[in-house]
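**Q** fold the following and give me the result.
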Amino acid sequence: MNGDPQPIGASARRALEKELAELRAERKADAATLQDTNETGDRADQADELRRLAVIGRLDDRITEITLRLRQADDAGPPSTDEVGMGSTVTVRFSDGTVGAVEIGEVGEPLDPTMVTYDSPMGCALLGHRAGDSVSYKTPGGESAVTIVSLGETGAAGEG
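**A** As a prediction, the model looks like this:
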């Protein structure tokens, strides 16, 4: 990805928003366990407190990262319908003739068959291409190919 703000698709947005909510809840729960710093404890208590502070720091970093990514996606606007890019919904025809829709994103819900990350073999192959283009990519099972049918909002994957 370049340094410019990148659009984000609906699935990726939902995944990031869900992760953000979970991180905020986890941070709130962890923060509630912190002791009053005016109380003195033994070294084990102090070490545990430092560990919890480090966890909260990592949570805060990820919360900031996701919040910034969502804000940048809003600034970038909707994905292009001219060529495949981040956030694009792409209808493809597989070599067996089946047609399905995939979304190019950076994250997705686990087991979401419609999400293809931009850095996966298929995602890399699709980026920058237009409707009508055929692209090939390597899979664990060998070389595969798809033809881009259209870009933009479509039905669910597996149609056809």
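
**Q** count the neighbours of residue 42 for me.
**A** By other Cβ atoms under 10 Å, the residues close to residue 42 number 8. Glycine gets a C-beta too; all of them are placed from N, C-alpha and C.

**Q** gap between it and residue 51?
**A** Computed as Cβ to Cβ, to the nearest Å, the residue 42 to residue 51 distance reads 15 Å.

**Q** so which bits of stretch 104-117 are buried?
**A** 104, 105, 106, 107, 108, 112, 114, 115, 116, 117 (16 or more other Cβ atoms under 10 Å).

**Q** give me the contacts around it.
**A** For stretch 104-117, the external contacting residues (Cβ atoms under 8 Å, 6 or more residues apart in numbering) are 1, 8-9, 11-12, 14-16, 18-19, 79, 84-88, 90, 100-103, 118-119, 122-123, 126-127, 156-158.

**Q** end to end on that stretch, go ahead and measure it.
**A** Across stretch 104-117, the terminal residues are separated by 6 Å (Cα to Cα, to the nearest Å).

**Q** what of stretch 66-84?
**A** OK, stretch 66-84 end separation, Cα to Cα: 23 Å.

**Q** from the middle of its chain, how far away would the lowest-mean-pLDDT helix or strand in the chain be?
**A** Lowest mean confidence among the helices and strands of the chain (mean pLDDT, DSSP states H and E): strand 115-117, at a mean of 85. With Cα atoms, centre = their mean, to the nearest Å as the basis, strand 115-117 stands 8 Å off its chain's centre.

**Q** and the pLDDT at the residue nearest to residue 127 when sequence neighbours are not counted?
**A** Excluding its sequence neighbours, the residue lying closest to residue 127 (Cβ to Cβ, 6 or more residues apart in numbering) is residue 84, at 5.5 Å. Note on residue 84: pLDDT of 93.

**Q** please enumerate the strands of the chain.
**A** 89-94, 99-105, 115-117, 134-139, 142-151 (DSSP state E).

**Q** how about the ones you listed in a markdown table, adding distance to residue 62?
**A** Formatted as a markdown table, the strands of the chain follow (distance: least, Cβ to Cβ, whole Å):
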| stretch | distance to residue 62 |
| --- | --- |
| strand 89-94 | 27 |
| strand 99-105 | 17 |
| strand 115-117 | 18 |
| strand 134-139 | 30 |
| strand 142-151 | 31 |
